[in-house]
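In: what follows is a predicted structure for the sequence shown.
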Amino acid sequence: MSQAVYSVSGMTCGHCESAVTREVTAIPGVTSVKAVASTGLVTIDSDQPVDDAAVRAAVDEAGYELVGRA
């Protein structure tokens, strides 16, 4: 089991959290995602360490910007 925390800019509400969660959950190996708009943090649990590029692509697809690892 692996956990990574990322900082994402642009999330302001529950809809934002849902959009990011939906896209990041689709990354192979991801078991859970918790996005919190008030802090801008996204916590990802996965079977293996996730690829930063895959997370960046998923966050971009949701319409937000990945700042980097928190």
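Out: Sure thing, it's come through.
In: going by C-alpha atoms from here, please, whenever you check contacts or count neighbours.
Out: Noted.
In: list the contacts of S32.
Out: Contact analysis of S32 by CA atoms under 8 Å, 6 or more residues apart in numbering lists T25, I44, D45, S46.
In: ok, the helix or strand encompassing A35: who's next to it in the sheet?
Out: A35 is part of strand 30-36, with elements assigned from DSSP states H and E. Within its sheet, strand 30-36 is paired with strand 41-46 (antiparallel), according to DSSP bridges.
In: now I44, nearest residue through space, not along the chain?
Out: V33 (4.7 Å; CA to CA, 6 or more residues apart in numbering).
In: no wait, T21
Out: V33 is the one closest to T21 (CA to CA, 6+ apart), at 5.7 Å.
In: roughly how far apart are the residue nearest to the spatial centre of the chain and D60?
Out: Among the residues of the chain, the one closest to the centroid is V42, at 4.6 Å (CA atoms, centre = their mean). Going from V42 to D60 by CA to CA, to the nearest Å gives 13 Å.
In: quick check, distance from stretch 28-36 to the centre of its chain.
Out: Here the centre of stretch 28-36 is set off from its chain's centre by 7 Å, with CA atoms, centre = their mean, to the nearest Å.
In: may I see the buried residues of it?
Out: V30, T31, V33, K34, A35, V36 (16 or more other CA atoms under 10 Å).
In: ranges for the helices of this protein?
Out: 14-25, 52-62 (DSSP state H).
In: so who does the residue nearest to T21 touch?
Out: Applying CA under 8 Å, 6+ apart, the residues near V33 are T21, V24, T25, V42, T43, I44, D45.
In: rerun at 10 Å
Out: Going by CA atoms under 10 Å, 6 or more residues apart in numbering, V33 touches 3-5, 17-18, 20-25, 42-46.
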